[in-house]
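Trainee: Give me the fold of what follows.
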Amino acid sequence: MGTMTGKERYRTNTQDLDWREEQAFENVSDGERQLSSLVGAGIMLAGLMKRSWSGLAMTLVGAALVGRGVTGHCMLYAALGTNTNEVGRRKVKTAGAIKVEKSLRIECPPDELYRYWRNFENLPQVMSHLESVEVVNERLSHWVVKTLPIGGPKVEWDAQIINEVENELIGWRSLRGADVDNAGSVRFRRTDDDKGTELTVTLQFDPPGGRLGALVAKIFGEDPQEKIEEDLQRFKESMEAPTLSK
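Mentor: The predicted structure follows:
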């Protein structure tokens with residue numbers, strides 16, 4: 001069998017992309033989901049035992065709570081515009097997770113930086129560890145990270161935008177099955193003197209074990225903060241360069 005390329009080994013299931021899948025509209029935190037499922041199951045059981053109209057009502061309420069827990073979607077939250085599963089609350093689920101946060105000033109307006117960043121396919125031009133980003137649709141994209149300068153296995157994942165405010169915030173997380181579980185956000189805040197933007201990037205990632213973990217460590221180096229800082233400095237210089245076509 002020949003060596004598999006990244007696209008063969010890890011490819012988005014495009015058949016699923018038009019579905020309103022669980023991860024595309026989760027607005028309930030993990031803790032709430034567990035509580036909803038437990039409470040809902042209890043109410044359903046009590047309702048089934050009553051064998052009356054009130055019992056039927058209890059069963060329906062319980063089923064709704066269980067559904068809320070299983071899907072992570074709350075219709076009431078959606079109607080109110082509430083989301084307890086925002087990127088700031090979403091943690092990569094391991095004690096070994098690494099968190100990196102970096103802010104810097106860029107002499108460009110927030111809307112200009114937002115437009116450039118929002119087209120994720122631009123990012124490999126300024127982020128040294130990225131080989132490619134393929135935009136699949138408005139919410140989903142496929143990321144490929146370099147492990148070696150030439151050749152070598154790929155580190156890949158599908159990412160989903162989970163929180164977005166135009167010209168202010170983009171939040172994302174990897175989908176299940178990613179080579180590296182990760183989540184992050186980038187914020188664009190106009191500076192007090194109204195002449196630039198304070199850009200803040202927050203990243204969380206879970207380095208896997210074994211050989212893949214060793215490769216991820218090489219990507220980010222011994223100091224992930226320093227690596228991200230170097231990439232953001234490159235981004236700043238590129239965006240401030242008058243010759244860059246934005």
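Trainee: any chance you could map the helices in this protein?
Mentor: For the chain, applying DSSP state H gives helices covering 6-9, 30-50, 53-71, 75-80, 110-118, 210-220, 224-240.
Trainee: Can you pull the phi/psi pair for residue 109?
Mentor: Dihedral angles of residue 109 (phi, psi; degrees, to the nearest 10) stand at phi -70, psi 150.
Trainee: Could you find the closest non-adjacent residue to it?
Mentor: residue 197 (6.5 Å; CB to CB, 6 or more residues apart in numbering). From N, CA and C alone the C-beta is placed, and that goes for glycine too.
Trainee: neighbours around the one you found, how many?
Mentor: For residue 197, the tally of surrounding residues (other CB atoms under 10 Å) stands at 24.
Trainee: The residue most central in space within the chain bridge partners, please.
Mentor: The geometric centre of the chain, computed from its C-alpha atoms, lies nearest to residue 173 (CA atoms, centre = their mean), at 1.4 Å. Using DSSP bridges, the beta-bridge partners of residue 173 come out as residue 160, residue 183.
Trainee: Got the confidence number for it?
Mentor: Here the pLDDT value assigned to residue 173 is 89.
Trainee: and the helices of the chain, which one is worst for confidence?
Mentor: Note on those: lowest mean pLDDT is at helix 6-9, with a mean of 39.
Trainee: where's residue 166 relative to residue 183, distance?
Mentor: Between residue 166 and residue 183 the computed distance is 20 Å (CB to CB, to the nearest Å).
Trainee: Pick out whichever of these two has more residues nearby.
Mentor: Ranked by neighbour count (other CB under 10 Å), residue 166 and residue 183 place residue 183 first, with 23 against 12.
Trainee: can I assume that one is in contact with residue 206?
Mentor: No - applying CB atoms under 8 Å as the test, residue 183 and residue 206 come out as separate, 9.5 Å apart.
Trainee: nearest to residue 146, of the helices of the chain?
Mentor: When these are compared by CB to CB, helix 210-220 sits nearest residue 146, at 6.8 Å.
Trainee: Model confidence for residue 143, exactly?
Mentor: Model confidence at residue 143, expressed as pLDDT, equals 93.
Trainee: For beta bridges, what are the partners of it?
Mentor: In this entry, residue 143 is beta-bridged to residue 133, residue 157, by DSSP bridges.
Trainee: Residue 156 is in contact with that one, correct?
Mentor: Yes - if you go by CB under 8 Å, residue 143 and residue 156 touch, sitting 6.4 Å apart.
Trainee: and the residue lying closest to residue 189 once chain neighbours are set aside, how many residues sit next to it?
Mentor: In space, residue 189 comes closest to residue 198 once its chain neighbours are excluded; the distance is 4.6 Å by CB to CB, 6+ apart. Under the neighbour criterion other CB under 10 Å, residue 198 is assigned a count of 15.
Trainee: neighbours of residue 53, just the number please.
Mentor: For residue 53, the count of nearby residues is 8 (other CB under 10 Å).
Trainee: same question, residue 128
Mentor: Residue 128 sits with 11 neighbouring residues when counted by other CB under 10 Å.
Trainee: Give me the distance between the residue nearest to it when sequence neighbours are not counted and residue 189.
Mentor: On the basis of CB to CB, 6+ apart, the spatially nearest residue to residue 128 that is not a chain neighbour turns out to be residue 231, at 5.8 Å. Residue 231 sits at a distance of 20 Å from residue 189 (criterion: CB to CB).
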